[in-house]
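In: Fold the stuff below for me.
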Amino acid sequence: MQFIRQQIVPFVTILIALFALVTVSARSFIDADLAQPAPLEQLTTNSSLSNP
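Out: Here you go, the predicted model:
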């Protein structure tokens, strides 16, 4: 149990932090502009069909 607390848990924590860092950093290389709002055209057409 001591080995898991001293070796495994910190290693897994660092892996999760590195994965999050890479994931957030990768957004800057995506061609699509993620700052734009989501398109609402499909939402309004679907909701108008379901609510007569």
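
In: distance of Ser25 from Ala32?
Out: Ser25 is 16 Å from Ala32, where distance means Cβ to Cβ, to the nearest Å. Just so you know, the C-beta spots here come from the backbone N, C-alpha and C atoms, and that holds for glycine as well.

In: got it, and Ala20?
Out: Going from Ala20 to Ala32 by Cβ to Cβ gives 21 Å.

In: Looking at these two, which is more packed in?
Out: The residue with more neighbours, out of Ala20 and Ala32, is Ala20; 10 against 7, by other Cβ atoms under 10 Å.

In: and the more buried one, backbone torsions?
Out: Phi and psi for Ala20, reported as degrees, to the nearest 10, are phi -60, psi -40.

In: Repeat that for Leu40.
Out: phi -100, psi 0.

In: avg pLDDT for stretch 1-10?
Out: Stretch 1-10 shows a mean pLDDT of 92 in the predicted model.

In: how long is it from one end to the other?
Out: 14 Å (Cα to Cα, to the nearest Å).

In: For that stretch, buried residues please.
Out: Residues of stretch 1-10 classed as buried: none (neighbour count, 16 or more other Cβ atoms under 10 Å).

In: ok, and what's touching that stretch?
Out: The contact list for stretch 1-10, computed with Cβ atoms under 8 Å, 6 or more residues apart in numbering, is empty.

In: Now find how far off-centre stretch 11-22 is within its chain.
Out: 14 Å (Cα atoms, centre = their mean, to the nearest Å).

In: From Ala17, how far off is Phe29?
Out: According to Cβ to Cβ, Phe29 stands 20 Å off from Ala17.

In: Dihedrals phi and psi, Thr13?
Out: Main-chain torsions, Thr13, degrees, to the nearest 10: phi -60, psi -40.
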